[in-house]
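predicted model and sequence below, questions to follow.
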Number of protein chains: 2
Amino acid sequence: MIPPSHPRYRSLVTRERLAKCAKSGIVSWEGLTAHGRGEAFDYLLGEETAESARLAGKIAAALLISARHPVISVNGNTAALAAKEIAALQKASGALVEVNLFHRTEERVQQIEELLRSAGAEVFSGEAERLLPLDHDRAWCRREGMYSADVILVPLEDGDRCEALVKMGKTVIAIDLNPLSRTARKATLTIVDELTRALPEITRACNSLTPEECPQLIASLNNHYLLSEAIREMTVRLNRALD
Amino acid sequence: MIPPSHPRYRSLVTRERLAKCAKSGIVSWEGLTAHGRGEAFDYLLGEETAESARLAGKIAAALLISARHPVISVNGNTAALAAKEIAALQKASGALVEVNLFHRTEERVQQIEELLRSAGAEVFSGEAERLLPLDHDRAWCRREGMYSADVILVPLEDGDRCEALVKMGKTVIAIDLNPLSRTARKATLTIVDELTRALPEITRACNSLTPEECPQLIASLNNHYLLSEAIREMTVRLNRALD
């Protein structure tokens, strides 16, 4: 039992939740390592949402609510960390929620779909096909789901798949704490922020943006600038570290 | 099965090895997340040994071969990632190899000792006592082992224990990819590098240093400089990342 007064309470509770989900099979063992990687970059951000990430979240909201067929792609870590936040964003954005896994088994897919449903999400499910140009299990998706999406939100994505989706002509929104990752560089829009902070930011923006603001925000999108700003935040913190 | 064409193949295979060792009990759950944090910092180093880390490795070798009673402390992640490299360093430095765990059970200790022995290390084993001034299981060690050490190499250490060992008057050499961690700041000497690159560097230096070079290297030790250099490397890479 972690006391709420612990200075690392949030981080430790999150780790405990992930470990629990790893035991039940929702999170892969590799997912725990990926989470640690994110933790390190979040540390460099001071575990706070930067101004640039807040702007990226608003642009993401504009893209999602302006889309013809928006889809939120959910993997094990995303479901374990943020099932409720995904459900809330689905309500605010009208996006389909579809499960897509790197370490894919039918059992894991079902467990994750169940977790999402119990958090209030409507999950787009059914027969999957190997539709994406990738040589591993992430190629599996549904023809009427992310295969047909024009805008796709991929929290905690791998670089391969992000690139493949962009090459298919999709607008890809990534949430990635590592501003140097291939995912971060290849995505149309990258939110460099922690998942459970980033998703509610997008949801709030979906609920508050006016129809006039959306095209303006979309026209302003400059991912190179957003990544540069995230990197600048991190270098400032690194440089101060030994003072 | 990870396809060898994946651009992060090496990193993913390492993760897979750790996950396998987590299933067998050698690596703890927390160890998987900790590995991920290290990966993030290694990313910032370009997954290469920096000049400052090479110098730190040489000083580490000088300290080990000049020591009266050098000990290498091995935990689950270290054994899983670098059992062979530990055995090679033991041969080159003449250090004792002793297992010390944060999440300690007799079964885990034995599994890790077995793994080290199968990689060619001679493991200093036998009855352990609660000898270090720490309030958790890392307090356990052997009186003739690390309790009596003058120089102790602690790869992938936690900050608590690093600090306790320094307070006991020991020369503590840490290998830690996070130059901001308490371990990195509290150790006598910190090698900011990835374990399987850092250990062979120390081994090579043990085999090549002359008796004259050792005291010179030891006299030159300035850990604040080494950490600053590591941080500088990371900020340079961060700043160049989007060029």
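Nice, thanks for sending it over.

and the residue of chain A found nearest chain B, what element?
Here chain A gets closest to chain B at one residue, residue A:36, 2.4 Å apart by C-beta to the nearest C-beta. (C-beta placed from N, C-alpha, C; glycine too.) For residue A:36, the host element (DSSP states H and E) is helix A:29-44.

next one: residue A:198
helix A:195-208.

got it, and residue A:65?
Counting by DSSP H and E, residue A:65 is part of helix A:51-66.

what angle sits between that helix and helix A:195-208?
In terms of direction (axes from the mean of the first three to the mean of the last three C-alpha atoms, to 10 degrees), helix A:51-66 departs from helix A:195-208 by 50 degrees.

remind me what helix A:51-66 packs against, helices and strands.
Under the contact criterion of 3 or more C-beta pairs under 8 Å, 6 or more residues apart in numbering or on different chains; DSSP states H and E, helix A:51-66 touches helix A:76-93, strand A:151-155, strand A:171-175, strand A:189-191, helix A:195-208, helix A:213-220, helix A:223-240.

partner strands of the fourth one, with direction?
According to DSSP bridges, strand A:189-191 has the following sheet partners: strand A:171-175 (parallel).

next, the angle from the strand it pairs with to strand A:151-155.
20 degrees.

give me the contact list for strand A:171-175.
Contact with strand A:171-175 is made by A:60, A:63-64, A:67, A:150-157, A:162, A:165-166, A:183-184, A:186-191, A:193, A:195, A:198-199, as judged by C-beta atoms under 8 Å, 6 or more residues apart in numbering or on different chains.

please repeat the previous calculation with a cut-off of 7 Å.
A:60, A:63, A:150-157, A:162, A:165-166, A:183-184, A:187-191, A:193, A:195, A:198 (C-beta atoms under 7 Å, 6 or more residues apart in numbering or on different chains).

and those, which are buried?
Using 16 or more other C-beta atoms under 10 Å in any protein chain shown as the burial test, those include A:60, A:63, A:151-157, A:162, A:165-166, A:183-184, A:187-191, A:193, A:195, A:198 as buried.

ok, the lowest-mean-pLDDT helix or strand in chain A near chain B or not?
When each helix and strand of chain A is scored by mean pLDDT, DSSP states H and E, strand A:140-141 comes last, with a mean of 78. No - remark: strand A:140-141 sits outside contact range of chain B, by C-beta under 7 Å from any C-beta of the partner chain, the gap being at least 14.9 Å.

what helices or strands is that strand leaning on?
Where contact means 3 or more C-beta pairs under 7 Å, 6 or more residues apart in numbering or on different chains; DSSP states H and E, strand A:140-141 is not packed against any helix or strand.

residue ranges in chain A under the pLDDT threshold?
A:1-2, A:6-8, A:243 (pLDDT under 70).

which residues does the residue nearest the centre of it contact?
Residue closest to the average C-alpha location in chain A (C-alpha atoms, centre = their mean): residue A:155, at 1.5 Å. Neighbouring residues of residue A:155 by C-beta under 7 Å, 6+ apart: A:78, A:175, A:195.

nearest residue to residue A:41 other than its sequence neighbours?
Residue nearest to residue A:41 in three dimensions, not counting chain neighbours: residue A:177, with 3.9 Å by C-beta to C-beta, 6 or more residues apart in numbering or on different chains.

so which bits of chain A are right by chain B?
Residues of chain A lying near chain B (C-beta under 7 Å from any C-beta): A:15, A:19, A:22, A:29-30, A:32-37, A:39-41, A:135-136, A:159-160, A:178, A:180, A:182, A:224, A:227-228, A:231, A:234-235, A:238-239, A:241-242.

and with 6 Å instead?
Within reach of chain B by C-beta under 6 Å from any C-beta of the partner chain, chain A has these residues: A:15, A:19, A:29-30, A:32-37, A:39-41, A:135-136, A:180, A:227-228, A:231, A:234-235, A:238-239, A:241-242.

buried only: go through those for me.
A:15, A:19, A:29-30, A:32-37, A:39-41, A:136, A:180, A:227-228, A:231, A:234-235, A:238, A:241.

hmm, back to that, and the helix holding residue A:65, what's buried?
Going by 16+ other C-beta under 10 Å, helix A:51-66 has these buried residues: A:52-66.

give me the sheet partners of the least confident helix or strand of chain A and which way each runs.
Short version: by DSSP bridges, strand A:140-141 pairs with strand A:129-130 (antiparallel).

the residue of chain A closest to chain B against residue B:33, yeah?
Yes - between residue A:36 and residue B:33 there is a contact at 3.8 Å, judged by C-beta atoms under 6 Å.

so what touches the helix holding residue A:198?
Residues outside helix A:195-208 that contact it (C-beta atoms under 6 Å, 6 or more residues apart in numbering or on different chains): A:49, A:57-58, A:60-61, A:65, A:81-82, A:85, A:88-89, A:92-93, A:155, A:175, A:191.

ok, 7 Å please
A:49, A:53-54, A:57-58, A:60-61, A:64-65, A:78, A:81-82, A:85-86, A:88-89, A:92-93, A:155-156, A:175, A:191.

which parts of that helix are buried?
A:195, A:197-206.

tell me the angle that helix makes with helix A:76-93.
Using the same axes, to 10 degrees: helix A:195-208 against helix A:76-93 is 10 degrees.

what's the closest non-adjacent residue to the residue of chain A closest to chain B?
Residue A:36 sits nearest to residue B:36 (C-beta to C-beta, 6+ apart), 2.4 Å away.

ok, the one you found - contacts?
Per C-beta under 7 Å, 6+ apart, neighbours of residue B:36: A:33-37.

how close does it get to residue A:173?
23 Å (C-beta to C-beta, to the nearest Å).

what packs against the helix or strand where residue A:184 lies?
Here residue A:184 is covered by helix A:182-186, with elements defined by DSSP H and E. When contacts are defined as 3+ C-beta pairs under 7 Å, 6+ apart, helix A:182-186 packs onto helix A:159-167.

remind me what the helix it packs on packs against, helices and strands.
Short answer (3+ C-beta pairs under 7 Å, 6+ apart): helix A:159-167 packs on strand A:171-175, helix A:182-186.

take the first one, keep the C-alpha atoms, and write them as PDB.
Output for strand A:171-175, consisting of C-alpha atoms alone and laid out as PDB, is shown next (Å, rounded to 0.1, in the frame of the first residue of the first chain):
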ATOM      1  CA  THR A 171      -3.200  11.900 -40.500                       C
ATOM      2  CA  VAL A 172      -1.400  10.300 -37.500                       C
ATOM      3  CA  ILE A 173      -1.500  11.900 -34.000                       C
ATOM      4  CA  ALA A 174       1.100  10.300 -31.700                       C
ATOM      5  CA  ILE A 175       1.400  10.700 -27.900                       C
END
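
phi, psi of residue A:70?
phi -80, psi 140 (degrees, to the nearest 10).

so what's it up against?
A:64, A:93-95, A:149, A:151.

please repeat the previous calculation with a cut-off of 8 Å.
A:63-64, A:93-96, A:149-153 are the contacts of residue A:70 under C-beta under 8 Å, 6+ apart.

chain neighbours aside, what residue packs nearest to it?
residue A:95 is the one closest to residue A:70 (C-beta to C-beta, 6+ apart), at 3.9 Å.

show me the contacts for the one you found.
A:64, A:67, A:70-72, A:89, A:153.

give me the distance between the closest residue to residue A:217 other than its chain neighbours and residue B:68.
Leaving aside its sequence neighbours, residue A:217 sits nearest to residue A:62 (C-beta to C-beta, 6+ apart; 4.0 Å). Residue A:62 sits 67 Å away from residue B:68 when distances are taken as C-beta to C-beta.

now do residue A:22
Applying C-beta to C-beta, the value for residue A:22 to residue B:68 is 44 Å.

I'm done for today, thanks for sticking with me.
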